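Enquirer: Need coordinates for the following:
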Amino acid sequence: EESVLAKKRVATTPEGARAIGERLAGLRKAKGLTQVDVAGALGLAQGLVSKYETGDLLLHGELIVEFARVLGVSADDILG
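Expert: Next up is the predicted model:
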């Protein structure tokens with residue numbers, strides 16, 4: 001079952017979603033975390049983290065804040 005955070009959606013371009021996802025993946029890797037680590041901290045399935053990182057799913061504001069908290073970065077770092 002998806003969490004409330006995972007069910008929310010926002011509008012952006014596919015290119016924008018991919019760029020944000022790439023930054024998200026880079027920040028996660030720089031911290032030495034796996035998708036499983038991040039998923040566990042957020043209460044999401046690993047597959048959802050993967051889809052956010054590839055831009056297949058769009059991040060919404062609340063989830064960006066939660067990713068930033070888990071990764072120890074700012075939302076601006078994720079959004080570029």
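Enquirer: Show me the shaky parts of the protein.
Expert: Flagging of the chain using pLDDT under 70 yields the residue ranges 1-11.
Enquirer: Could I get the full set of helices for it?
Expert: Defined through DSSP state H, the helices belonging to the chain, from first to last, are 4-7, 14-30, 35-42, 46-54, 61-71, 75-79.
Enquirer: Any chance of those in a markdown table with mean neighbour count as columns?
Expert: In short, each C-beta sits where N, CA and C put it, glycine included. As requested, these are arranged in a markdown table below (neighbours: other CB atoms under 10 Å):
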| stretch | mean neighbour count |
| --- | --- |
| helix 4-7 | 14 |
| helix 14-30 | 16 |
| helix 35-42 | 17 |
| helix 46-54 | 19 |
| helix 61-71 | 17 |
| helix 75-79 | 15 |
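Enquirer: was I right about residue 39 contacting residue 48?
Expert: Yes - A contact is recorded between residue 39 and residue 48 when judged using CB atoms under 8 Å, the distance being 6.9 Å.
Enquirer: Report how many residues lie close to residue 44.
Expert: Other residues within reach of residue 44 by the criterion other CB atoms under 10 Å amount to 21.
Enquirer: That one and residue 15: what is the separation?
Expert: Computed with CB to CB, to the nearest Å, the distance linking residue 44 and residue 15 is 24 Å.
Enquirer: Equivalent analysis for residue 35, please.
Expert: To residue 15, residue 35 is 22 Å away according to CB to CB.
Enquirer: wait, what's in contact with residue 28?
Expert: The contact partners of residue 28, by CB atoms under 8 Å, 6 or more residues apart in numbering, come to 34, 35, 38, 53, 71.
Enquirer: switch to 6 Å and redo it
Expert: By CB atoms under 6 Å, 6 or more residues apart in numbering, the residues touching residue 28 are residue 38.
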